[in-house]
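Undergrad: here is a sequence together with a model predicted from it:
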Amino acid sequence: METSTVTTDEAVVTTEFYYGDIPTPCYSVAVQEFASHVLPTLYSLVLIFGMLGNALVVLILVRYKKLKSMTDIYLLNLAISDLLFVVSLPFWAYSAANEWIFEDAMCKILSGIYLIGFYSGSFFIILLTIDRYLAIVHAVFALKARTVVYGIVTSVVTWCVAILASIPQLIFNKLQQENDRCKCTLSFPPETHVNWNQFLTLKINLIGLIFPMMVMTFCYTRIIITLRRCRNDKKNKAVRLIFIIMIIYFLFWAPYNIVLLLQTFQTSFRLDNCYDYSNLGIALQVTETLAMAHCCINPVIYAFAGEKFRKYTCTFFRKHVALHLSKHFRFWYTEPVERASSTYSHSTGEQDLSAVL
């Protein structure tokens, strides 16, 4: 299933390219073969790692950190978004290998889960970026603004916006017969097909890449400038983490958005022949899976990068995993977890970068 206006399954449908006045059907067998043999494996890997990593984040946040800050609230919601994003992958994997067998209602429900997870994930990454910006650049103001109550309110608003952003695709997603196979894909009215296709592609590019990168560039630039003026020994590590976050986000999402633009505006880029259509179809499937894999990276760069979070995780494994695996692991002992300090030190006036970054 795609978040795009042209889905993975749509990429294998028969498309007409016009040679003169005669429409000629262009069957992309290579795209369909790739989807059938490769996508199920790729989707399964994203499902396994995405589910394990994000489920662990939810567990640590709820059981140990107790959701005591705005950052914890956003991390929890980002993990839930990623879990929604991956929970529907088994259905899309089966559909790619065979066909859709889960009825029209399931088509809309699973499409909605996937899309809401996609949009909310992008929004919560933006909110986490702004949260870090406030904590470091406007530390005094952040003491009043970065509360659990504000975190919950903005999270509820964010989920509502994500649902609204998903509605157009939910309306047009339905079961269709394509190349003798039943598929859950987008189907626009013929007279508005091009307009809807282009609108949804531009919306995905804006929400999934352009807007997040603009927010990251502004906020992290200001954070780096502020860190260079402070006396914190961990500022170099924090700056490196900032660059890693931005580079990873760009590398995972930019290829998909670029290929999606090329496929939607094929005629404008003079890519409207069968050969280019087939290559773009395969490229879209590969880059979409790469973009999906970003949800497996989120727990590492947003949660486990913090020292406190790593300590909680080690404590969890020592208490609940190591002791049940084998009696030979008696040297794994449980250490008391330090109390989480605030992200702002009243005595020094400097931020605890490990808690924020």
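TA: All right, it came through fine. Because the structure is a prediction, the values reported are computed rather than measured.

Undergrad: put the alpha carbons of stretch 68-77 into CSV.
TA: Listed next in CSV are the C-alpha coordinates belonging to stretch 68-77 (Å, rounded to 0.1, in the frame of the first residue of the first chain):
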residue,chain,number,x,y,z
LYS,A,68,6.5,13.2,32.9
SER,A,69,7.4,15.6,30.2
MET,A,70,6.2,17.0,26.8
THR,A,71,9.1,15.1,25.2
ASP,A,72,7.8,11.8,26.6
ILE,A,73,4.3,12.5,25.3
TYR,A,74,5.6,13.2,21.8
LEU,A,75,7.9,10.2,21.8
LEU,A,76,5.0,8.0,22.8
ASN,A,77,2.8,9.4,20.1
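
Undergrad: report the buried residues of it.
TA: The neighbour-count criterion (16 or more other Cβ atoms under 10 Å) identifies 69-77 as the buried residues of stretch 68-77. Every C-beta, even on glycine, is put in place using the N, C-alpha and C of the backbone.

Undergrad: so V161 touches S122, yeah?
TA: No - between V161 and S122 there is no contact, the gap being 10.5 Å when judged by Cβ atoms under 8 Å.

Undergrad: okay, the two: which has more neighbours?
TA: Taking neighbours as other Cβ atoms under 10 Å, V161 and S122 compare with S122 leading, 26 against 14.

Undergrad: and that one, what does it touch?
TA: 207-208, 211-212 (Cβ atoms under 8 Å, 6 or more residues apart in numbering).

Undergrad: separation between it and N257?
TA: The gap separating S122 from N257 is 11 Å, by Cβ to Cβ, to the nearest Å.

Undergrad: now the common contact residues for the two.
TA: Among the neighbours of S122, those also in contact with N257 (Cβ under 8 Å, 6+ apart) are G208.

Undergrad: once you drop chain neighbours, what's closest to P168?
TA: In space, P168 comes closest to L200 once its chain neighbours are excluded; the distance is 6.4 Å by Cβ to Cβ, 6 or more residues apart in numbering.

Undergrad: the one you found: which element?
TA: Following DSSP states H and E, one finds L200 within helix 193-205.

Undergrad: and that helix, what's buried?
TA: With burial defined by 16+ other Cβ under 10 Å, the residues of helix 193-205 counted as buried are 196-197, 200-202, 204-205.
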